[in-house]
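> For reference, the sequence and a predicted model appear below.
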Amino acid sequence: MTVAVFAPATATVAGALRGVMPFVVPCKSAPDALLPIVRNAMWLASVVGGVCAAAVASVPLIGGAVGVPAAVLGQLGVLPWLLAATVLLVALGQSATSVLVALGHSAQVMRAGLLSTATSVTLSVLLVGAPGPLPGYGLTGAGVAMLAAALVGAWVNRSTLRRRTVLAGRPLHPGRPDPREMLRLAAVGIPLAGTVLIKFAVLGVLTFAAARVGTDSAAVHSVSESLVNVMFAVAVAVGQAMVPLTAGYASAGDVAGLRRSLRAGVGLTLGAVAVLGAALLLLRHSVVPLFTSDAALRPQVVGQLPLVLLVVVTDALQAVAGFALIGLKRTTPSLVSTAVWFGALAAVAVPVAEAGGLTALWAALACANLLQAVTKSVSFRTHSARVGASASSGGPGAPTDPAGALRNRGPAQ
């Protein structure tokens with residue numbers, strides 16, 4: 001129940017702070033211009049993280065409001081507070097992650113992620129699994145493991161930012177907030193956060209619709225969604241790597257470069273998904289049992305795999321197009337696209353599932369993803385053309401010096 005709030009909260013934080021990346025790229029060799037961006041990103045992380053942390057801490061109140069029995073709420077203990085603190089650490093770590101990726105330090109970000117994961121796994125075994133004579137701490141142990149993992153990730157990323165970038169030797173404390181610059185960062189990041197929230201909400205509606213069909217459908221839907229999430233990580237990784245490229249081309253007014261970067265991102269993502277999808281199909285009888293021990297469900301999950309791959313491909317396409325728009329600092333089109341097509345999906349989910357079962361529901365999800373991919377790609381093409389026109393005319397979207405990049409661009413640019 002706590003993770004049902006924690007997961008969208010951390011995803012919202014990550015989405016909001018990805019909006020920092022296109023502001024960093026033009027200043028990557030100008031530390032004096034970069035430092036205020038980093039400091040205001042920390043303030044933005046504190047604000048967004050604080051709001052999301054408050055939501056996680058309020059899980060007992062939310063549970064009580066929706067009728068969760070008091071006996072269940074009493075078992076939560078301090079877990080909501082531990083995960084609320086985790087959200088704050090994730091926010092601060094994500095502000096550093098976005099800057100590091102934009103500066104080209106993805107390998108260091110991966111190292112931080114590996115150390116964070118190792119911390120989480122180790123402490124989960126020690127504090128939750130209780131091997132040998134060690135006592136188990138249940139939910140509290142799980143919360144401590146997640147908090148420690150977030151702390152390690154945030155500390156490593158902040159240390160990398162302080163020691164291995166152009167900001168080495170400069171004080172990275174937040175300093176005094178600049179509301180105007182925070183709003184410029186938020187104008188790009190907050191629509192991304194809204195996009196994430198809409199997606200989580202609609203996926204929740206789909207889970208409800210699948211559960212109405214039957215318990216088997218609910219279980220198959222859950223396993224299929226887990227498989228999608230594993231493969232969708234590829235699209236997120238490629239998309240984040242694209243943002244510095246598209247932001248750099250946008251800063252230079254290079255329309256051909258912008259569109260070339262999107263084509264490269266789509267090609268790389270589809271290639272990676274094709275490899276993973278082929279491996280999943282070939283090893284399906286070994287992979288599916290990892291996600292369910294119910295022998296009766298396994299054939300149903302295997303039969304669902306073609307639709308799982310279709311959803312992964314369409315979801316990857318819309319995600320890559322959305323990341324390309326981040327590089328242009330144009331994130332509102334992504335929000336509108338997701339709101340329209342996923343809103344329509346939410347409206348028809350229950351009747352579609354009742355009429356055609358899980359197959360129809362997942363086909364509808366693939367259609368909604370594909371429509372998002374098309375509309376986001378059209379938006380990218382339109383706005384990239386405007387970047388080129390502004391560069392040619394010397395307008396407000398024209399290339400600027402790094403030190404003035406943030407000051408000279410409004411949030412819509």
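On my side now, so go ahead.

> measure Gln318 to Thr269 for me?
Remark: distance between Gln318 and Thr269 (Cβ to Cβ, to the nearest Å) = 11 Å. No exception for glycine: its C-beta is placed from N, CA and C like everyone else's.

> just Arg39 next, same as before
Counting by Cβ to Cβ, the gap from Arg39 to Thr269 is 33 Å.

> okay, the two: which has more neighbours?
Thr269 (25 against 21; other Cβ atoms under 10 Å).

> Which of the helices or strands spans that one?
Using DSSP states H and E, the element containing Thr269 is helix 255-282.

> Pull out the buried positions in whichever helix or strand comes after that helix.
For helix 255-282, the following helix or strand on the C-terminal side (DSSP H and E) is helix 284-287. By neighbour count on 16 or more other Cβ atoms under 10 Å, the buried set for helix 284-287 is Val287.

> Name the spans of the stretch 151-300 of the chain whose pLDDT lies under the cut-off.
For the stretch 151-300 of the chain, no stretch has pLDDT under 70.

> returning to that earlier point: roughly how far out does the helix holding Thr269 sit from the chain middle?
Centroid separation for helix 255-282 versus its chain: 18 Å, with Cα atoms, centre = their mean, to the nearest Å.

> And that helix, what does it pack against?
helix 215-252, helix 298-327, helix 332-393 (3 or more Cβ pairs under 8 Å, 6 or more residues apart in numbering; DSSP states H and E).

> any idea which of these is most buried?
helix 298-327 (a mean of 22; mean count of other Cβ atoms under 10 Å).

> Just the element for Phe200, please.
With DSSP H and E as the test, Phe200 turns up in helix 179-213.

> Could you check the angle that helix makes with helix 215-252?
Between helix 179-213 and helix 215-252, the angle comes out at 160 degrees (axes from the mean of the first three to the mean of the last three Cα atoms, to 10 degrees).

> Just put the helices and strands packed on helix 255-282 in a markdown table and tack on distance to Val99.
Output for the helices and strands packed on helix 255-282, formatted as a markdown table (distance: least, Cβ to Cβ, whole Å):
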| stretch | distance to Val99 |
| --- | --- |
| helix 215-252 | 11 |
| helix 298-327 | 14 |
| helix 332-393 | 21 |
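
> which stretch among those comes nearest Ala193?
Among these, helix 332-393 comes nearest to Ala193, with 9.1 Å by Cβ to Cβ.

> Helix 298-327 and that closest one, what's the angle between them?
30 degrees.

> Can you give me every residue that contacts Val20?
Going by Cβ atoms under 8 Å, 6 or more residues apart in numbering, Val20 touches 37, 41, 44, 95, 98-99, 102, 185, 188-189.

> if you set the cut-off to 7 Å instead, what comes out?
37, 41, 95, 98-99, 185, 189 (Cβ atoms under 7 Å, 6 or more residues apart in numbering).

> Over to Val196?
8, 11-12, 15.

> can the residues you listed go into CSV with extra columns for pLDDT, neighbour count and distance to Arg170?
Listed next are the contacts of Val196 as CSV, based on pLDDT from 0 to 100; neighbours: other Cβ atoms under 10 Å; distance: Cβ to Cβ, whole Å:
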residue, pLDDT, neighbour count, distance to Arg170
Pro8, 91, 22, 35
Ala11, 91, 18, 31
Thr12, 92, 25, 29
Gly15, 90, 26, 28
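
> if I look at Leu282, how far off is Glu181?
Taken as Cβ to Cβ, the span from Leu282 to Glu181 is 51 Å.

> of the two, who's got more company?
Glu181 (19 against 10).

> which one among the contacts of Val196 gets closest to Val78?
The closest of the contacts of Val196, once distances to Val78 are taken by Cβ to Cβ, is Pro8, at 21.1 Å.

> Specify the next element, helix or strand, located C-terminal of the helix or strand hosting that closest one.
Under the criterion of DSSP H and E, Pro8 resides in helix 2-18. Using DSSP H and E, the next helix or strand after helix 2-18 towards the C-terminus is helix 21-24.
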